[in-house]
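In: Any chance you can model this:
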Amino acid sequence: MNFGLSEEQEMIVETVRAFVETEIYPHENEVERSGIIPPELGDEIRRKCIDLGFYACNFPEEVGGAGLDHVTFTLVERELGRGSLGLTVFFGRPSGILMACEGEQRERYLLPAVRGEKIDALAITEPDAGSDMRGMKCAARRDGGDFVLNGTKHFISHADVADFVIVFAATGEEETPKGIKKKITAFLVDRGTPGFEILKGYDSVSHRGYHNCTLNFTDCRIPEAQVLGEVHRGFDIANQWLYGTRLTVAATCVGRARRVFDLALPYAAERKQFGKPIGANQGVSFKLADMITEIDAADWLTLAAAWRLDAELSADRQIASAKLYASEMLARVTDEAIQIFGGMGLMDDLPLARFWRDARVERIWDGTSEIQRHIISRDLLRPLGA
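Out: The predicted model follows:
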């Protein structure tokens, strides 16, 4: 078991961390205040990422990506987690699901996304269908050589800056051991398509500047050529993609927690009360010990899951464990950091209150903590017939 990073991985970690510190940190306070990313700033971040050679680093070299393995890409996501999500979204990592593009779709969607010429967004969640993806009501019916899409999606991240959206819709029903379930198909839908409307979503306390949107489809006609993958097989594509995003959530939670810890540790060593540093008191020093132990545990759990993917081993349970533990760890670490800073921890002069608020959504999106526990427990019990 080798827990060290290669020389190349060390260089990548240092490069991405420096990028976040120099290109992301300086803009965070303004984004937090306004909730807005000026288009020119997003374009600048994207251009600098392309110049560095990191854009679409999660894609294989044969389509123009950097071809990073899962462990190295997870390290990239960990370092990006230190910065504002509203800004780091422009450090492009297109949806891996686009590798399902075929024929003309590659020239129209996949390759422009990899080159940074187009931005994609994924549309799965609906007002009445979150964790229960197969309960979605957004539906597409065949009409000649097209599909006609009707319905609503919400909580769709960064759709406001996307050039096209990967939309999942019900296209039929099937009998399963658990009753009638929807058949799901994925579609590539361009911004500006008649019948497709992108609306401002909800104001969120978490990740300001990283907007969610509501998508309305009203008799939106989509050519069959824009079906991604196979008709009725969208559920399989989505599940494959979701495991990757859960690993990303785990990695970014680790990165964010390390940034929080890097603020709390020197403060505990320098801040004096009753004539000595507050870190000299076990009430504070033990908090630091628990924080770094949990951060390291989440880090290794996340990298171990990524390693299993690189080794082509099953990793569903390990990814679920990483997402569950890292997201809940971040909540505990940010809360303890604020406790160490006392009242100042809640002031806008420091980013701790932002990290504290941002941490809350990590236990919800890309599969709630309860869904992760379900995945883990079923993986343990199913082989025993329970």
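In: Domain ranges for this structure, per the record?
Out: 7-102, 120-228, 242-384 (the TED database).
In: For Pro94, which three-state class applies?
Out: coil (DSSP: H, G, I helix; E, B strand; the rest coil).
In: what about it, neighbour count?
Out: 22 (other CB atoms under 10 Å). From N, CA and C alone the C-beta is placed, and that goes for glycine too.
In: and the nearest residue to it once chain neighbours are set aside, how far is that from Leu188?
Out: Spatially, and ignoring its direct neighbours in sequence, Pro94 is nearest to Ala113 (4.0 Å; CB to CB, 6 or more residues apart in numbering). According to CB to CB, to the nearest Å, Ala113 and Leu188 sit 11 Å apart.
In: so what's the residue nearest to Pro94 up against?
Out: The contact partners of Ala113, by CB atoms under 8 Å, 6 or more residues apart in numbering, come to 56, 92, 94-95, 98, 119-120.
In: just those now: which is nearest Ala326?
Out: Ser95 (21.0 Å; CB to CB).
In: Dump the domains of the chain to TSV, plus mean pLDDT.
Out: Below are these laid out as TSV (pLDDT from 0 to 100):
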stretch	mean pLDDT
domain 7-102	95
domain 120-228	92
domain 242-384	96
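In: Do a quick rundown of the strands in the chain.
Out: Per DSSP state E, the chain carries strands over the ranges 120-123, 139-143, 146-157, 164-176, 179-190, 196-200, 212-223, 227-228, 272-273, 276-277.
In: Work out the sheet partners of the third one and label each with its direction, please.
Out: Strands flanking strand 146-157 in the sheet, each with its direction: strand 139-143 (antiparallel), strand 212-223 (antiparallel) (DSSP bridges).
In: Report the inter-axis angle for it versus strand 164-176.
Out: Counting by axes from the mean of the first three to the mean of the last three CA atoms, to 10 degrees, strand 146-157 lies at 110 degrees to strand 164-176.
In: Measure how buried Glu44 is and give me the count.
Out: 14.
In: Check the gap between it and Leu52 for me.
Out: Taking CB to CB, one finds Glu44 at 13 Å from Leu52.
In: what do the two both touch?
Out: With CB under 8 Å, 6+ apart, Glu44 and Leu52 have no common neighbours.
In: relative to strand 179-190, how tilted is the longest helix that the chain contains?
Out: In the chain, taking DSSP state H as the definition, the longest helix is helix 234-270. Put simply, helix 234-270 runs at 80 degrees to strand 179-190, going by the same axes, to 10 degrees.
In: residue contacts, the closest residue to Phe196 other than its chain neighbours?
Out: What sits nearest to Phe196 in space, not counting adjacent residues and going by CB to CB, 6+ apart, is Cys220, at 4.9 Å. Taking CB under 8 Å, 6+ apart, we find Cys220 in contact with 148-150, 189, 193-196.
In: Buried among the residues you listed? Need that as a selection in PyMOL.
Out: Buried members of those can be picked out in PyMOL with the line below, counting by 16 or more other CB atoms under 10 Å:
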select buried, resi 148+149+150+189+193+196
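In: ok, the contacts of Cys220 vs Val16, which is closest?
Out: For the contacts of Cys220, the closest approach to Val16 (CB to CB) belongs to Val189, at 31.7 Å.
In: so the closest one touches Phe168, yeah?
Out: No. With contact defined as CB atoms under 8 Å, Val189 does not reach Phe168; the gap is 10.8 Å.
In: a markdown table please, covering the domains of the chain and showing distance to Tyr109.
Out: Below are the domains of the chain laid out as a markdown table (distance: least, CB to CB, whole Å):
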| stretch | distance to Tyr109 |
| --- | --- |
| domain 7-102 | 6 |
| domain 120-228 | 6 |
| domain 242-384 | 18 |
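In: Indicate which one of those domains is closest to Met1.
Out: domain 242-384 (9.8 Å).
In: next one: the closest one to chain centre, how far?
Out: Distance, stretch centre to chain centre, for domain 242-384: 15 Å (CA atoms, centre = their mean, to the nearest Å).
In: Then stretch 10-19?
Out: 20 Å.
In: Equivalent analysis for stretch 72-86, please.
Out: Using CA atoms, centre = their mean, the offset of stretch 72-86 from its chain centre is 10 Å.
In: Over to stretch 212-227?
Out: That offset, for stretch 212-227, works out to 23 Å (CA atoms, centre = their mean).
In: Quick check: buried residues in it?
Out: 212-217, 220, 222, 226-227.
In: what's the burial count for Gln273?
Out: 11.
In: ok, back up a step: quick one: the residue nearest to Pro94 and Gly92, what's the gap?
Out: 8 Å.
In: which residues touch the residue nearest to Arg46 when sequence neighbours are not counted?
Out: In space, and not counting its chain neighbours, Arg46 is closest to Phe90: 4.6 Å by CB to CB, 6+ apart. Counting by CB under 8 Å, 6+ apart, Phe90 makes contact with 37, 42-43, 45-46, 49.
In: Now, these that are in helices?
Out: 42-43, 45-46, 49.
In: Which among these count as buried?
Out: 42, 45-46, 49.
In: Can you convert these into CSV and add a column each for distance to Glu32?
Out: As requested, those are exported to CSV (distance: CB to CB, whole Å):
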residue, distance to Glu32
Gly42, 16
Ile45, 16
Arg46, 21
Cys49, 22
